[in-house]
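**Q** Sharing a model prediction with you, sequence too.
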Amino acid sequence: MKNIINKIGKAVLPLAFAGIIYGTGCNNTPKYNQQEYNEKNPQRIVTLNEFKGKPQIEIGDARTIYELFNLVGENPKDHYHYIDNWDHRPRNRGNRIRIEDSSVVFLYARGLGLDTLYPSIGNLENLYGLDLENNQIKTLPEEIGNLEKLKKLDLSFNKITEIPKEIENLNNLGRLVLGYNPLSQKSIELLEELKKKGVHVKY
């Protein structure tokens with residue numbers, strides 16, 4: 001009997017750990033302070049063994065995208081793409097997340113039904129492309145201004161009224177699409193200022 005219990009314990013523990021890392025555990029999975037976790041584990045890397053090619057991703061990036069996709073009941077492990085010669089637009093729903101050098105560099109979250117964009121999106125420091133078209137997003141967190149490498153941002157067909165001033169921090173931004181949003185006059189004025197800086201803005 002003791003041997004049986006030991007075997008069960010050895011089988012359950014890895015599964016419980018996987019639930020914590022991948023966000024697939026039960027509802028009482030402990031919540032982590034991401035900043036505190038990253039400080040204690042600066043080199044921690046998550047390996048997605050189920051994916052062909054076994055890409056690696058930094059723990060901070062992993063937590064951000066799991067948080068995002070879990071909002072709509074999706075598992076990010078179904079959406080990774082890890083091919084160097086990958087063109088800008090994914091060819092199918094399985095190619096929503098592009099990883100390079102252990103970082104998320106492109107996130108294609110179009111049409112997922114998202115109504116919230118958490119401040120943690122600002123943790124994706126190496127992101128250069130973010131497509132959030134055709135969701136239900138009402139507000140943008142000011143942390144979006146942390147995405148200093150971002151070149152393309154598509155927020156069209158949402159419910160956004162206010163654009164945070166921090167978007168002016170995106171010095172590498174070349175294209176910003178905000179068509180079909182109920183933008184306030186203040187936000188429109190901000191977008192016009194971005195145009196003057198050379199950003200291709202469409203609203």
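**A** Structure received.

**Q** going forward, measure contacts between C-alpha atoms and count neighbours the same way
**A** Will do.

**Q** can you list the domains in the protein?
**A** 1-31, 42-202 (automatic domain parsing).

**Q** Confidence-wise, which of these is weakest overall?
**A** Comparing mean pLDDT across the domains of the chain, the weakest is domain 1-31, with a mean of 39.

**Q** what's near enough to touch the residue nearest to residue 150 when sequence neighbours are not counted?
**A** In this structure, residue 150 finds its nearest non-sequential neighbour in residue 128, 3.9 Å apart by Cα to Cα, 6 or more residues apart in numbering. Neighbouring residues of residue 128 by Cα atoms under 8 Å, 6 or more residues apart in numbering: 105, 106, 147, 149, 150, 151, 152.

**Q** Helices of the protein, start to end?
**A** 2-22, 34-40, 59-70, 185-196 (DSSP state H).

**Q** The third one: which residues count as buried?
**A** Read that as helix 59-70. Within helix 59-70, the residues that count as buried by 16 or more other Cα atoms under 10 Å are 59, 60, 61, 62, 63, 64, 65, 66, 67, 68, 69.

**Q** Would you reformat these as TSV and include distance to residue 100?
**A** Listed next are those as TSV, based on distance: Cα to Cα, whole Å:
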residue	distance to residue 100
59	14
60	15
61	12
62	13
63	17
64	16
65	15
66	17
67	20
68	19
69	19
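
**Q** Can you tell me which of these is nearest residue 182?
**A** residue 68 (23.3 Å; Cα to Cα).

**Q** how much space between that closest one and residue 122?
**A** Distance, residue 68 to residue 122, using Cα to Cα, to the nearest Å: 12 Å.

**Q** With residue 157 instead?
**A** 21 Å.

**Q** can you check residue 98 too?
**A** From residue 98 to residue 122 the distance is 17 Å (Cα to Cα).

**Q** cool, residue 150 as well?
**A** 11 Å.

**Q** Find the nearest non-adjacent residue to residue 103, please.
**A** residue 57 (5.6 Å).

**Q** what are the bridge partners for the one you found, then?
**A** residue 46 (DSSP bridges).

**Q** Would you confirm that it contacts residue 105?
**A** No: here residue 57 does not reach residue 105: they are 10.8 Å apart, not a contact under Cα atoms under 8 Å.

**Q** who touches both of those two?
**A** Going by Cα under 8 Å, 6+ apart, residues that sit against residue 57 and also against residue 105 are residue 99.

**Q** got the buried residues for stretch 148-167?
**A** 148-164, 167.

**Q** List of residues touching the biggest strand by length in the chain?
**A** Under DSSP state E, the strand in the chain containing the largest number of residues is strand 103-108. Strand 103-108 has contacts (Cα under 8 Å, 6+ apart) with 57-58, 61, 90, 95-99, 124, 126-132.

**Q** between it and helix 59-70, how big is the angle?
**A** Orientation check (axes from the mean of the first three to the mean of the last three Cα atoms, to 10 degrees): strand 103-108 against helix 59-70 gives 20 degrees.
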